[in-house]
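A.B. asks: model this:
(one chain, ligands or ions: 2)
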Amino acid sequence: MNILILGGGGREHALAWAVKQNPKCDRLIVAPGNAGIAAIAECADLTIEDGDAVAEFAARNAVDFVIIGPEAPLAAGVADRLRAAGILCFGPSRAAARLEASKGFAKEICAACGAPTAAWARFTAAGPAKQYILQRGAPIVIKADGLAAGKGVIVALREAEALAAVDEMFAGAFGAAGAAVVIEEFMEGEEASLFVLCDGRDLLAIGTAQDHKRVGEGDTGPNTGGMGAYSPAPVMTPDVEARAINEIIRPTLGEMARRGMPFQGVLYAGLMISDGVPRLVEYNVRFGDPEAQALMMRLGAQALDLMQAAAEGRLAGARVNWAEDHALTVVMAAGGYPGEYGKGSVIRGLGALPEDSSHMVFHAGTARHNGEITAAGGRVLGVTARGDTLRVARDRAYGMVDAIDWPQGFCRRDIGWRALQRG
Ligand code: AMP
Ligand code: GLY
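C.D. replies: Ligands and ions are numbered 1, 2, ... in the order given. Alright, predicted model coming up:
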């Protein structure tokens, strides 16, 4: 089977790493890829949001299966274009990708199917939005309706902050994404992510994870794309997971199908769990990054079979073969991230690290220059390890981090703290 993966981050390196181990995989191409991916796959230069270009490339290279990593090509309708060309593809249609691309749409679906989530309202002008804030009081959450690369959410602890956020959004701080604003009730609890494969009709839960969104230790400082993750998430007990599936995921998928936009791909539910009761924070229509790094380390080669079953509508009866294990990813980022950061610094010591089913350094923003690996983005490496316990996985991951010689990089030293504190 010839496989094309779209994307070039740590998530896509992890997907490529898992897919490559499956004997079904003949040729593996990743577009655009990165320096780590280039060691295990062919990298291709392709505008991945351009459905015509992707379909043409796939046809020319006899690609049998396309796996779409990030949200932008999904929101641009690349999956629709591939399916129209008769090419098997993992990822939702443009219409179904609105679950992530429009927060208002996701809320509408929740309301229609009774899925528990924060109380909310959607506004297209500042005046009524501010009135609503004054009525509701702080803390309150202000969100740009559209895709804003994970930055369009402001959790306002005070009213003044919320009012200022509304002004900023309508002044264009998040571009077109902020033309509409969703204002939500602030939910208390512990956050966790649930990943569910869907084939338009059936579903299969394939794992849980917890991300670390803040840049600083102890969950302080500004939000990032994610500074580390582990899987499984202990807060997601079998009972909480069953409730999330029966009360949130299944009704959502039913409502999507009823509206003629069945969801096929991976639905990533961000959940807030309080007293064992999950409520939806948001949907994403792709794997998380860095959650995918931890998840793929645990799934390995079967990830390809499962994604293919989802794409081919064969999830009924599919199951995951789980080991009783834990995986943890520490993100190493360029100094300054998530603000301004430098590019081009040299990263040494990677070659001496183990690469096996328990140790992997997944590359995100890296490039190769004159035979050396250099930093080429904000989040640069996803140092990932697996173990029988989370503590073992954590110690292995930090052992690798400590062997990497990259003075311009940094990481959080407390990835996993919440789960480890539970004992
Ligand atoms: P998002 O970019 O939509 O994942 O949101 C970023 C983060 O904001 C989430 O991971 C939560 O930590 C927080 N958040 C979003 N919505 C709410 C809410 N209604 N209540 C509390 N926290 C929220
Ligand atoms: N790590 C959060 C995300 O992928 O959206």
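A.B. asks: residue 80: what's it in contact with?
C.D. replies: Residues near residue 80 by C-beta atoms under 8 Å, 6 or more residues apart in numbering: 51, 93, 94. No exception for glycine: its C-beta is placed from N, CA and C like everyone else's.
A.B. asks: enumerate the positions of the helix or strand where it lies that are buried.
C.D. replies: Per DSSP states H and E, residue 80 falls inside helix 78-84. By neighbour count on 16 or more other C-beta atoms under 10 Å, the buried set for helix 78-84 is 78, 79, 80, 81, 82, 83.
A.B. asks: using PDB, list the CA coordinates for it.
C.D. replies: Extracted in PDB, the C-alpha atoms of helix 78-84 (Å, rounded to 0.1, in the frame of the first residue of the first chain):
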ATOM      1  CA  VAL A  78      -9.100  18.300   0.800                       C
ATOM      2  CA  ALA A  79     -10.800  15.100   2.000                       C
ATOM      3  CA  ASP A  80     -13.800  15.800  -0.200                       C
ATOM      4  CA  ARG A  81     -11.600  16.400  -3.200                       C
ATOM      5  CA  LEU A  82      -9.700  13.100  -2.700                       C
ATOM      6  CA  ARG A  83     -12.900  11.100  -2.200                       C
ATOM      7  CA  ALA A  84     -14.400  12.600  -5.400                       C
END
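A.B. asks: tell me how far that helix lies from the chain's centre.
C.D. replies: Mean-position distance between helix 78-84 and its chain equals 21 Å (C-alpha atoms, centre = their mean, to the nearest Å).
A.B. asks: after it, which helix or strand is next?
C.D. replies: strand 88-90.
A.B. asks: packing partners of that following strand?
C.D. replies: strand 65-68, helix 78-84, strand 264-274, helix 302-311 (3 or more C-beta pairs under 8 Å, 6 or more residues apart in numbering; DSSP states H and E).
A.B. asks: contacts for that strand, please.
C.D. replies: If you take C-beta under 8 Å, 6+ apart as the criterion, strand 88-90 is touched by 64-68, 79, 82-83, 264-266, 307-308, 310-312.
A.B. asks: can I get the buried part of these as one PyMOL selection?
C.D. replies: Here is the PyMOL command that selects the buried residues among the contacts of strand 88-90 (16+ other C-beta under 10 Å):
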select buried, resi 64+65+66+67+68+79+82+83+264+265+266+307+308+310+311
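A.B. asks: now for the contacts of strand 88-90: which two are most distant?
C.D. replies: Checked with C-beta to C-beta, the contacts of strand 88-90 reach their widest spread between 64 and 266, with 19.4 Å between them.
A.B. asks: name all residues that make contact with the residue nearest to residue 324 when sequence neighbours are not counted.
C.D. replies: Excluding the flanking residues, the one nearest residue 324 by C-beta to C-beta, 6 or more residues apart in numbering is residue 388, at 7.1 Å. Contact partners of residue 388, counting by C-beta under 8 Å, 6+ apart, are 324, 325, 326.
A.B. asks: do residue 50 as well
C.D. replies: Contacts of residue 50 by C-beta under 8 Å, 6+ apart are 76, 78.
A.B. asks: one more time with 10 Å, if that's ok
C.D. replies: Residue 50 is in contact with 56, 57, 73, 76, 78, 81, counting by C-beta atoms under 10 Å, 6 or more residues apart in numbering.
A.B. asks: ok, back up a step: got CSV for the helices and strands packed on strand 88-90, with mean pLDDT and distance to ligand 2 too?
C.D. replies: Putting those into CSV (pLDDT from 0 to 100; distance: least, C-beta to the nearest ligand atom, whole Å) gives the following:
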stretch, mean pLDDT, distance to ligand 2
strand 65-68, 98, 14
helix 78-84, 98, 18
strand 264-274, 98, 7
helix 302-311, 98, 17
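A.B. asks: any low-confidence regions in the protein?
C.D. replies: Low-confidence segments of the chain (pLDDT under 70): 150, 178, 423.
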